[in-house]
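Visitor: Need coordinates for the below:
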Amino acid sequence: LIRTRATLDGDEYVVSGHKWFTTNGSVADFLIVMVVTNPDVHPYQGCSMIVVPADAPGVRIVRDIPNMGEPHIEGPPRPGGHAEIVYDSVRVPATNIIGEPGEGFVLAQKRLGPGRIHHAMRWLGQAGRAFDMMCERALSRTSHGSLLADKQMIQDMIAETKMEIEATKLLCMHAAWHMDRHGASASRTQIAMIKVYGTRMLYNAIDRAIQVHGSLGFSADLPLESMYRQARASRLVDGADEVHKVTISRHVLRNYEAVEGWPTEHVPTRRAAALDRFGEVLETVTANS
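Guide: The predicted structure follows:
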């Protein structure tokens with residue numbers, strides 16, 4: 001899972017490894033690195049976070065990695081990039097450990113919970129922008145003798161997008177409310193739901209806006225194509241959709257249990273149970289009718 005090691009040597013840690021896709025790594029003054037400090041236990045107990053100065057001997061920025069969101073990185077590094085970094089026996093004080101050794105994943109989850117809600121809030125802003133563009137276009141563009149806004153297919157897109165945006169707002173507020181009262185750890189399911197549904201909402205909103213704009217939406221003359229590429233990353237950052245769906249399903253299934261024989265709602269079984277319980281009443285009612 002994590003291969004970069006930090007080995008204690010006196011009052012220093014020696015960090016060695018190769019990290020890929022470090023956000024803002026090429027422009028940062030210091031780097032927060034997840035490392036293995038105890039390889040003999042489960043990774044969730046054996047990993048730590050440590051602060052490494054970016055100018056420390058042994059730190060080498062290999063490159064900023066081009067990607068769908070930033071396909072044409074040219075010139076000097078810039079904020080928002082994702083760097084490939086090599087740590088070649090980098091020495092840092094032992095006091096640079098954040099928290100206690102072995103708390104790396106615990107600290108990460110404390111940040112990721114609120115961070116995912118912040119992501120959802122930003123996605124709502126992006127989706128709202130795409131939605132505004134879509135509605136403006138629908139009221140401005142005429143095709144086959146009528147406005148796009150008068151066509152049922154376009155009306156369907158507008159209605160679906162509006163409903164998804166409003167549903168995401170409520171999911172986001174509920175997740176924040178739950179975390180505020182019960183903490184991030186107890187709110188993992190609520191946070192996972194907003195992470196998955198929020199990305200779907202964002203992707204759909206931008207995709208529909210592009211569709212309504214036609215070739216103009218596909219072109220770089222509008223920001224939609226850039227928003228679309230950035231939105232694709234939302235299904236990966238801070239955990240892929242599939243990981244969060246596993247969290248949701250596991251939590252849901254804890255509230256159920258297996259049954260032997262016929263399913264609980266098996267009609268013949270339920271009917272027999274009802275007759276056994278209310279049979280005399282039914283006979284009396286039938287006899288008096």
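Visitor: got the contact list for Ala233?
Guide: 67-69 (CB atoms under 8 Å, 6 or more residues apart in numbering). (C-beta placed from N, C-alpha, C; glycine too.)
Visitor: pLDDT score for it?
Guide: As predicted, Ala233 sits at a pLDDT of 90.
Visitor: can you pick the most crowded of the contacts of Ala233?
Guide: Highest neighbour count within the contacts of Ala233, by other CB atoms under 10 Å: Gly69, with 17 neighbours.
Visitor: So it belongs to a helix, correct?
Guide: No. Gly69 sits outside any helix when classified using DSSP: H, G, I helix; E, B strand; the rest coil, being coil.
Visitor: isn't it right up against Tyr228?
Guide: No. Counting by CB atoms under 8 Å, Gly69 does not reach Tyr228; the two are 9.9 Å apart.
Visitor: circling back: which of the contacts of Ala233 sits closest to Asp9?
Guide: Asn67 (36.1 Å; CB to CB).
Visitor: and the contacts of Ala233 as a markdown table, adding distance to Val252 and pLDDT?
Guide: Shown next, in a markdown table, are these (distance: CB to CB, whole Å; pLDDT from 0 to 100):
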| residue | distance to Val252 | pLDDT |
| --- | --- | --- |
| Asn67 | 34 | 84 |
| Met68 | 32 | 84 |
| Gly69 | 32 | 77 |
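Visitor: for the residues you listed, which one is nearest Ser234?
Guide: For the contacts of Ala233, the residue nearest Ser234 by CB to CB is Gly69; the value is 9.9 Å.
Visitor: show me the contacts for that closest one.
Guide: Applying CB under 8 Å, 6+ apart, the residues near Gly69 are 229-230, 232-233.
Visitor: Next: Gly25.
Guide: Counted by CB under 8 Å, 6+ apart, Gly25 has contacts 19, 31, 54, 61, 81-83, 85.
Visitor: Could you give me the ChimeraX selection string for whichever of the residues you listed are buried?
Guide: Listed next is the ChimeraX selection for buried residues among the contacts of Gly25, using 16 or more other CB atoms under 10 Å:
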select :19,31,61,81,82,83,85
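Visitor: Which of the contacts of Gly25 scores worst on pLDDT?
Guide: Confidence-wise, Gly81 trails the rest of these, at 83.
Visitor: what's the closest non-adjacent residue to that residue?
Guide: Asp64 (3.9 Å; CB to CB, 6 or more residues apart in numbering).
Visitor: Ala94 too?
Guide: In space, Ala94 is closest to Asp11, 5.2 Å off (CB to CB, 6+ apart).
Visitor: Phi and psi next, for that neighbour.
Guide: phi -100, psi 20 (degrees, to the nearest 10).
Visitor: burial count for it?
Guide: Residues near Asp11, counting by other CB under 10 Å: 8.
Visitor: Confirm Val33 sits in a strand?
Guide: Yes. Counting by three-state DSSP, Val33 falls inside a strand.
Visitor: which residues touch it?
Guide: Val33 sits next to 4, 6, 15, 19, 49-52, 87 when contact means CB under 8 Å, 6+ apart.
Visitor: so it bridges to which residues?
Guide: With DSSP bridges as the criterion, Val33 is bridged to Ile50.
Visitor: Output the lowest mean pLDDT helix or strand found in the chain.
Guide: helix 267-288 (a mean of 89; mean pLDDT, DSSP states H and E).
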